[in-house]
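Chemist: Here is a sequence together with a model predicted from it:
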Amino acid sequence: MRPIQAAYPAARFRRARSSDALRRLTQENVLSVNDLIWPIFIRDGAAIREPIASMPGVFRLSLDLAVEAAAEAADLGIPAICLFPYTDPSVKTEACEEAWNPDNLTNRCIRAIKAAVPQIAVMTDIALDPYNSNGHDGLVRDGLILNDETVEALVKMALAQAESGADILGPSDMMDGRVGAIRRALEAAGHKDITILSYSAKYASAFYGPFRDAVGATGALKGDKKTYQMNPANSDEALRLIERDLREGADMVMVKPGMPYLDICRRVKDTFGVPTYAYQVSGEYAMIRGAADHGWINGEAAMMESLMAFKRAGCDGILTYFAPEAARLLRG
Ligand SMILES: NCc1[nH]cc(CCC(=O)O)c1CC(=O)O
């Protein structure tokens, strides 16, 4: 596309910006509540709303309050909620068996939300880190992250979540071959309508710090995740990973983190034209929220501008901790 433009003064770009009416008429992208997926942190117990120091305004919720949050999200028109468990260190092991326990925190939460708020889509995270005593997304032997053994564990985890009623499975582990393995297992088990939103292009990022605090993985993690998460310097590789996951049966794909990787979002959308999502991760939330809390930026305006940026970059939706706040503003 190459727009033709008259020369100044025949062309004055400011004409189209001269009033609210003209600005609205010429606006190219729209952010709506339908674009939002709300990640929440869950924990055991009852009536607990536990603050997370590095994410002001975000809480770990006991299951009863997670169900309330899902109902609130549905009332606001948010289409999906995504669950992240804070697991007690005592249930973490090297074999990560708790990950596929049908009665683990996540699976109980899926059932509770689907029973009380069936209209909201429940998304889950597939990775072993909340259940792993060494904090990694995969099984570890002799200091190495094992790919194929991890994929087998992830398949069990995915099936347990599917049985519990999850609508969207989100493999976030970055092992090779996991989307295909999960898709085959879902088909074999008769789960034909469960979607996979693959964390296809997930970078080894410093912006996940507050999240690891939130799920209690910070202390556990030994080393870094660079042998499975992507090198932030790479872009072509993201396209190869997206193509691979689509060929293995992903319905939707994700780029993560979000704001520092909008160039990747745009390349993915332009190249494949598939449902494309970005995760505005914990560190991005903390930066905007922290600056706003100090009075250094206008938090509401920065939040809405950051979310619109994802739409402009070609995203169909955004996972964001701002989801309820943004939804309230969008509803007016
Ligand atoms: N599989 C773990 C997982 N799933 C989502 C996030 C990060 C989300 C955020 O920072 O908001 C992470 C952290 C990590 O890979 O270490």
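Modeler: Arrived safely. Everything quoted here is computed from the prediction, not taken from an experiment.

Chemist: how about the helices of the protein, start to end?
Modeler: 20-25, 63-76, 105-116, 147-164, 178-188, 209-214, 236-247, 262-272, 282-293, 299-312, 323-331 (DSSP state H).

Chemist: now those in CSV, with distance to residue 221 and mean neighbour count?
Modeler: (C-beta placed from N, C-alpha, C; glycine too.) Formatted as CSV, the helices of the chain follow (distance: least, Cβ to Cβ, whole Å; neighbours: other Cβ atoms under 10 Å):
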stretch, distance to residue 221, mean neighbour count
helix 20-25, 46, 10
helix 63-76, 25, 19
helix 105-116, 20, 21
helix 147-164, 16, 21
helix 178-188, 20, 20
helix 209-214, 7, 21
helix 236-247, 23, 17
helix 262-272, 25, 18
helix 282-293, 14, 20
helix 299-312, 27, 18
helix 323-331, 27, 18
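
Chemist: Would you single out the least confident of those?
Modeler: Mean pLDDT per stretch puts helix 209-214 lowest among the helices of the chain, at a mean of 92.

Chemist: just how off-centre is that one within its chain?
Modeler: How far helix 209-214 lies from its chain's middle: 14 Å, per Cα atoms, centre = their mean, to the nearest Å.

Chemist: close to the ligand, is that helix?
Modeler: Yes: Helix 209-214 reaches the ligand (Cβ under 6 Å from any ligand atom) through 211, 212.

Chemist: Return the residues in contact with the residue lying closest to residue 231 once chain neighbours are set aside.
Modeler: In space, and not counting its chain neighbours, residue 231 is closest to residue 204: 6.8 Å by Cβ to Cβ, 6 or more residues apart in numbering. In this structure, residue 204 makes contact with 224, 225, 226, 229, 230, 231, 232, judged by Cβ atoms under 8 Å, 6 or more residues apart in numbering.

Chemist: Could you double-check that the fifth one lies in contact with residue 174?
Modeler: Yes: contact between residue 230 and residue 174 holds when scored by Cβ atoms under 8 Å: they sit 7.4 Å apart.

Chemist: So between these two, which is more surrounded?
Modeler: residue 174 (26 against 23; other Cβ atoms under 10 Å).

Chemist: Show me what stretch 139-148 is in contact with.
Modeler: Here stretch 139-148 makes contact (Cβ under 8 Å, 6+ apart) with 94-96, 128, 132, 134, 136-138, 149-150, 153, 175-177, 223, 227-228.

Chemist: Run through those and flag the ones next to the ligand.
Modeler: Answer for the contacts of stretch 139-148 near the ligand (Cβ under 6 Å from any ligand atom): residue 137.

Chemist: who in the stretch 201-332 of the chain is up against the ligand?
Modeler: Near the ligand, when you scan the stretch 201-332 of the chain using Cβ under 6 Å from any ligand atom, you find 208, 211, 212, 225, 281, 282.

Chemist: Save these as CSV, and put in distance to residue 319 too.
Modeler: Below are these laid out as CSV (distance: Cβ to Cβ, whole Å):
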residue, distance to residue 319
208, 13
211, 11
212, 16
225, 19
281, 8
282, 11
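
Chemist: Now flag whichever of these is closest to residue 245.
Modeler: Checking these against residue 245 by Cβ to Cβ gives residue 225 as the nearest, at 18.1 Å.

Chemist: Just give the closest residue to the closest one, not the sequence neighbours.
Modeler: Counting by Cβ to Cβ, 6+ apart, the residue nearest residue 225 is residue 204, at 5.2 Å.

Chemist: backbone phi and psi for the one you found, please?
Modeler: Note on residue 204: backbone dihedrals following degrees, to the nearest 10 are phi -80, psi 100.
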